[in-house]
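K.L.:
Kindly generate the corresponding structure for this input.
(one chain, ligands or ions: 1)
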Amino acid sequence: MTSFLDHLSIYSRNSGRMRLCAVMRTFLKSRSRCGAWDRLLQKQSRASICSHVHSFNEANIREKLQAFPGGSIDLLKQDSGIAVLTINNPSRMNALSGSMMLDLEEKVTQLENWTDGKGLIVCGAAETFCSGSDLSAVRAISNTQDGMMMCMFMQNTLTRLLRLPLISVALVEGKALGGGAEFITACDFRLMAPDSVIQFVHKHMGLVPGWGGAARLVRIVGAQKALQLLAGALKVNPTLGLQIGLVDEVLKDLHTDMAVGTTLKQAEQWLSNYVKGPVPVIQAVKKVVLSGRELPLSEALRTEMSVFGTVWGGPANLQALANKSKHK
Ligand SMILES: CC[C@@H](C(=O)O)C(=O)SCCNC(=O)CCNC(=O)[C@H](O)C(C)(C)COP(=O)(O)OP(=O)(O)OC[C@H]1O[C@@H](n2cnc3c(N)ncnc32)[C@H](O)[C@@H]1OP(=O)(O)O
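P.N.:
Numbering: from 1, shown residues only. The predicted structure is shown next:
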């Protein structure tokens, strides 16, 4: 690792002099604080985000969810640095059983510890995304206490998913309904297949989102559009999705020669544009956007500087500087 002074000489040669003590202070503070960022993320991802509410007893809820088996959440971590997380319960339109909720949390923990990760694609098996909670489980845990605990468990898990230092994409084929629609709001981007539908059906169930989908939807499309989608239980097709900013890209129809490979291949191609580069740099990009999205400005600025300190003078930065000096 290049010493501070070596880096400083490269820096001052290219960008003019800064007062040495100020640069030293900034550099040393940012180095020390980057550990604070990681400790913050680790602490937040472990502790349940809303454990303070309604005596959230983690062991108790795990036991209850385990009583509703079926399906799986499959995770494939690829050498490319892009992982694929598949919601796999096709006989129930990929509805999330209790055991799948536990499976999801375990896979998010794996991804939190994946040091080579840069991107994540969340998709459903059998060309459909997810039709929400498994209704048989919903019927069985319809008392308020259990419902709230299931809710908190899923809120915590989806919040941790969104906070992964990976650039995440929800690949929507077929239907994303209810909790399935909430799931896609816990990714950074959303891609839709031509004939797919996103629908927050909660109102038809006498419900509102509970997995954090409403809070995230407001931040994605704004309060007015979020209100229309929820109060109208509107069916969002790819055109509407693009129009309101809920969807970032519509994939090519597989039955035309425009499509290159499967929808998953198309999604990987799309995501690869944003994850090209060294792992530490891509992860740092997600961290600074995450802090800008979630933290008050002054804290976001401090966090940005601490994350900056983890890449400034790192191998990618020094290589880029060396390449530039070669172009003279
Ligand atoms: C916080 C939100 C969260 C919660 O409150 O816990 C929720 O998500 S509540 C659930 C919200 N989701 C729904 O209301 C969707 C219910 N499903 C449907 O509307 C339809 O199944 C469909 C998804 C539109 C598909 O319709 P269709 O193509 O006609 O297929 P089928 O309806 O025949 O479904 C095939 C098969 O799958 C079973 N299925 C579908 N969704 C669920 C589900 N959410 N839970 C359990 N099982 C589901 C459906 O019962 C069929 O099974 P069989 O009858 O055995 O063939």
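
K.L.:
Give the other helices and strands that whichever strand or helix holds Asn323 contacts.
P.N.:
Asn323 belongs to helix 315-326 when assigned by DSSP states H and E. Contacts defined by 3 or more C-beta pairs under 8 Å, 6 or more residues apart in numbering; DSSP states H and E place helix 315-326 against helix 4-15. Placement of C-beta: from N, CA and C, glycine included.

K.L.:
Correct me if wrong: Ile87 contacts Thr128.
P.N.:
No. Contact criterion C-beta atoms under 8 Å: Ile87 and Thr128 do not qualify, at 9.1 Å.

K.L.:
okay, and the common contacts of those two?
P.N.:
Asn94 (C-beta atoms under 8 Å, 6 or more residues apart in numbering).

K.L.:
Same drill for these two, tell me which one is more crowded.
P.N.:
More crowded of Ile87 and Thr128, by other C-beta atoms under 10 Å: Ile87, with 27 against 22.

K.L.:
when you scan the one helix or strand that one maps to, is anything in it near the ligand?
P.N.:
Following DSSP H and E, one finds Ile87 within strand 82-88. No. Applying C-beta under 6 Å from any ligand atom, one finds strand 82-88 separated from the ligand by no less than 11.6 Å.

K.L.:
for Leu271, what are its contacts?
P.N.:
Taking C-beta under 8 Å, 6+ apart, one finds Ile82, Gly119, Ile121, Ile167, Val169, Phe189 in contact with Leu271.

K.L.:
From Met101, how far off is it?
P.N.:
Leu271 sits 25 Å away from Met101, taking C-beta to C-beta, to the nearest Å as the criterion.

K.L.:
One more: Val289?
P.N.:
Counting by C-beta to C-beta, the gap from Val289 to Met101 is 27 Å.

K.L.:
Over to Gln243?
P.N.:
From Gln243 to Met101 the distance is 32 Å (C-beta to C-beta).

K.L.:
more neighbours, the two?
P.N.:
The neighbour comparison of Gln243 against Met101 (other C-beta under 10 Å) goes to Met101, with 25 against 13.

K.L.:
Leaving out sequence neighbours, find the closest residue to the residue in the stretch 1-150 of the chain that the ligand sits nearest to.
P.N.:
Using C-beta to the nearest ligand atom, the closest approach of the stretch 1-150 of the chain to the ligand is made by Gly132 at 2.2 Å. Distance criterion C-beta to C-beta, 6 or more residues apart in numbering; nearest residue to Gly132, sequence neighbours excluded, is Gly178 at 2.8 Å.
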